[in-house]
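**Q** Let's see this in three dimensions:
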Amino acid sequence: MTRVAAGSQSSLQPGLVRFTLLHAFAWLLLANLIGDGLALLLLFPHAGHFLGPLTYGRWMPVHMNAELYGWVALPLVAWLFPLYRLQSATAATLARAAVWLWTIALAAGALDWLHGRVTGKLFLDWSGYPRMLFPVALGMLWLALAIAYGQGRSSVPRMHRLLAGSGLLLLAAVPFLLYRATDPAIYPAVNPSTGGPTGASQLESSLAVVLILFVLPLSLVRRQPLRGRVRVVVALNVGYFLLELAVLAMLPRMSGGVDASHHLPVEYLAVLSLLPWAILTPAYLECFCWPAAARRWLWATEAWWALLVVAGCISFLPGVLDRIKFTDALVAHSILAMAGFVTSLLLVVAIVLLGETGARLDGRWSFWTWNMATLLYVVLFSAAGWVEGADPAFTMVPGAMRNGLYLLRLLQGLAMTAAGADWLVQLTGAQSCRQAESAAATLSSQTVRIEPPTHSQRNDKGEETSMKKRLLLGYQLVAGGSDAATGAALLVAPRLTLGWMGLTVAPEPIVFLQYIGVFVLAVGLSYWLVAFSSQPMAATRWRTQWEITALVRTLVAAFVLVELARHALEPRWISVVLTDGLYAGLQWTGLRLGWLMPQAIPEARFHG
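**A** Okay, here's the model as predicted:
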């Protein structure tokens, strides 16, 4: 692994980190807009009549999963790219395709959740077709990192190589673990007194966050010399972390089992043992040399972390948790964690990864708007939850106090949405500003004499063409891979595949479904056949393949749509309409706009 310092982005394929962060900030804005809609429904419940079946309960998993898998996860994905030195076009193209597939899978999941298909497990609502698609995106991302690791392993120290390889092994298990965890029949340890997490699970998840906070600074910025105060702080953090691991290992035995109540002294004392981290972790973060643009968000991260640890320990105490369970106080705690601590940390990561461009995310207005709105929300709804614990009707029956709180909730949400929109605008405008400055510099340096293009100008044109090639190759990989995987699954395990897609009616005999699988597999492989072809007239081959598959997809989407309207197919077949319709629309548009000109066709090859 390697440190990501400001200015080190030249080692990456152009714009890969920024591209991933754009997806992240777009999901943040979308999730916040949905949150505003939910706040509006709480204030005016009768407005739900205009939404029909798209009720509050259906929008809530979309809001929460967009925040987690869109906003929280993608900046960490962007952090992995410089960490593994994605320098080759192959790895960068595959990574870009993985990010697109990530977004497509999350959008497909959102449609599924809006149809009311959830597992009932918080943040693990993946089911049906999206449950397969999202692990595929994770697998593509892992493959890109593995390619980059294989290409750059000889140029890094042995210790860094071992750490990066170990990280790859751990990441390889993530798609399988996520798929397994989404099984509705599997549940974690449960606190029998509340139905929520146990003290052991709280300690385990908190230590996982502490570990992330250990690793992130080491890979992002330079540490101060390991002497004096810095040596003491690092030693205290490492020593206490090892002690906490020992406590975690002994906790199930001391609690008499994994499903333990928070009324057991050993359980709430284990959670209270987290209190020193409110001081140790901020002290550790201050041992690093952070860029000036990230300092403000770093201080916010440290403050929110300390408040989160203290609030979490207090809320788990007997008597306190019994009163605030299932109230707005727990919602306030989740806002404290996600909007306060996690968002501040991700802003630090984004600013460091973007280098000079990252300073655009350090706007004073958006900083104070976001943090003050979050703080006000946490304070007001913690108090509201405490009242609600004694009087459940407080938030159920409309009243002046209740309506006033929900109005403030809506206004706070709108303020946070405005801040999120500002970050997205600043990020999208950064590249335009750099291009304008480059163009102005070029014009000012020109003379009357006409000169041939400079090396820099040729590079700019080459980068633009190279970007188009990578996008086209990425599309071929994603479109072909999704069809090939679906077709192979229908061929090998047709009934199981239908179950994954959430379908219950299978044709008899089943060989007809396998026959369809062969057709779908062939369509998918046709994308890869032209993408990695070494024969001449590649542009003609690409256009022919796009025309044929676009026609096939259009007819399939139209047929399925008609049969859905006739109620001859199950509603979940809508995923076929959406997928084939999207691919067909992209290809017809590309053919119309000339995306497949000869100079834009990637000269891709398989390398051994």
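**Q** Give me the residues contacting stretch 51-67.
**A** Stretch 51-67 is contacted from outside by 27-28, 30-31, 34-35, 37-38, 41-42, 48, 106, 109-110, 113-116, 118, 122-123, 125, 338, using CB atoms under 8 Å, 6 or more residues apart in numbering. Bear in mind the C-beta positions are built from the backbone N, C-alpha and C, glycine included.
**Q** Distance from that stretch to the middle of the chain?
**A** Here stretch 51-67 shows a centroid-to-chain-centroid distance of 18 Å under the convention CA atoms, centre = their mean, to the nearest Å.
**Q** Now it: average pLDDT?
**A** Stretch 51-67 comes out with an average pLDDT of 91.
**Q** same deal with stretch 244-261?
**A** Stretch 244-261 comes out at a mean pLDDT of 86.
**Q** got it, and stretch 339-358?
**A** Mean per-residue pLDDT for stretch 339-358: 94.
**Q** ok, and for it, which residues are buried?
**A** By 16 or more other CB atoms under 10 Å, the buried positions in stretch 339-358 come out as 339-355, 357-358.
**Q** right, and Leu76 touches Ala350 too?
**A** No: the criterion here is CB atoms under 8 Å, and Leu76 misses it with Ala350 at 10.5 Å.
**Q** just checking, what packs against the helix or strand where Trp102 lies?
**A** When elements are assigned from DSSP states H and E, Trp102 belongs to helix 89-114. Contact here means 3 or more CB pairs under 8 Å, 6 or more residues apart in numbering; DSSP states H and E; on that basis helix 89-114 packs against helix 16-43, helix 56-65, helix 73-83, helix 128-152, helix 455-492, helix 574-593.
**Q** Let me know the angle separating it from helix 56-65.
**A** Angle, helix 89-114 to helix 56-65, by axes from the mean of the first three to the mean of the last three CA atoms, to 10 degrees: 160 degrees.
**Q** now the angle from helix 89-114 to helix 16-43?
**A** Using the same axes, to 10 degrees: helix 89-114 against helix 16-43 is 10 degrees.
**Q** Report the distance from helix 89-114 to the chain centre.
**A** With CA atoms, centre = their mean, you get 10 Å for helix 89-114.
**Q** Buried residues in that helix, which are they?
**A** Neighbour-count burial for helix 89-114, counted by 16+ other CB under 10 Å, picks out 90-110, 112-113.
**Q** And for stretch 416-434?
**A** 416-424, 426-427, 430.
**Q** quick one: least confident of these?
**A** The lowest pLDDT within the buried residues of stretch 416-434 belongs to Ala430, which sits at 61.
**Q** Just the strands from the chain, written as ranges.
**A** Counting by DSSP state E, the chain has strands at residues 222-223, 288-289.
**Q** Need the contact partners of the last one.
**A** Looking back up the chat, that one is strand 288-289. Residues outside strand 288-289 that contact it (CB under 8 Å, 6+ apart) are 217, 220-224.
**Q** Identify the farthest-apart pair in the residues you listed.
**A** Within those, Leu220 and Gln224 form the most distant pair, 13.9 Å apart (CB to CB).
**Q** The two: which has the busier surroundings?
**A** Leu220 (23 against 15; other CB atoms under 10 Å).
**Q** Kindly state the pLDDT recorded for the more buried one?
**A** 90.
**Q** Against Thr103, how distant is the closest residue to it other than its chain neighbours?
**A** Setting aside the residues directly before and after it, Leu220 is nearest to Val352 in space (CB to CB, 6 or more residues apart in numbering), at 4.9 Å. Plainly put, Val352 is 23 Å away from Thr103 if you go by CB to CB, to the nearest Å.
**Q** and what of Thr544?
**A** Distance of Thr544 to Thr103, computed by CB to CB: 29 Å.
**Q** same question, Asp125
**A** According to CB to CB, Asp125 and Thr103 sit 17 Å apart.
**Q** what's the answer for Pro291, then?
**A** Using CB to CB, Pro291 is found at 29 Å from Thr103.
**Q** mind checking pLDDT for Leu274?
**A** 95.
**Q** Out of the buried residues of stretch 339-358, which sit inside helices?
**A** Among those, the residues falling in helices (DSSP state H) are 343-354.
**Q** So for Ser315, what's the pLDDT?
**A** Note on Ser315: pLDDT of 92.
**Q** returning to what we had before: looking at the buried residues of stretch 416-434, which are in helices?
**A** Using DSSP H, 416-424, 426-427, 430 are the members of those that sit in helices.
**Q** thinking again about what came up before, hey, least reliable of the strands of the chain by pLDDT?
**A** strand 222-223 (a mean of 90).
**Q** And it, what does it pack against?
**A** Using 3+ CB pairs under 8 Å, 6+ apart: strand 222-223 touches strand 288-289.
**Q** any idea how far Gly116 is from Leu307?
**A** 36 Å.
**Q** swap that for Ala189, please
**A** As for Ala189, its distance to Gly116 is 28 Å (criterion: CB to CB).
**Q** Neighbour count for these two, which is higher?
**A** Counted by other CB under 10 Å, Ala189 and Gly116 do not tie: Ala189 has more neighbours, with 16 against 12.
**Q** Which residue, neighbours along the chain excluded, lies closest to the more buried one?
**A** Nearest non-adjacent residue to Ala189 (CB to CB, 6+ apart): Val258, at 4.1 Å.
**Q** Ramachandran coordinates for that neighbour?
**A** The phi/psi pair for Val258 (degrees, to the nearest 10) reads phi -80, psi -30.
**Q** same thing with the one 3 residues further on?
**A** Comment: the main-chain dihedrals of Ser261 come out as phi -80, psi 150, following degrees, to the nearest 10.
**Q** Excluding sequence neighbours, find me the nearest residue to it.
**A** Using CB to CB, 6+ apart, the closest residue to Ser261 is Ser193 (4.3 Å).
**Q** surely the one you found meets Gly319?
**A** No: using CB under 8 Å as the test, Ser193 is too far from Gly319 to be in contact (11.2 Å).
**Q** Tell me which of these two has more neighbours.
**A** For the pair Ser193 and Gly319, the greater number of neighbours falls to Ser193 (17 against 9), based on other CB under 10 Å.
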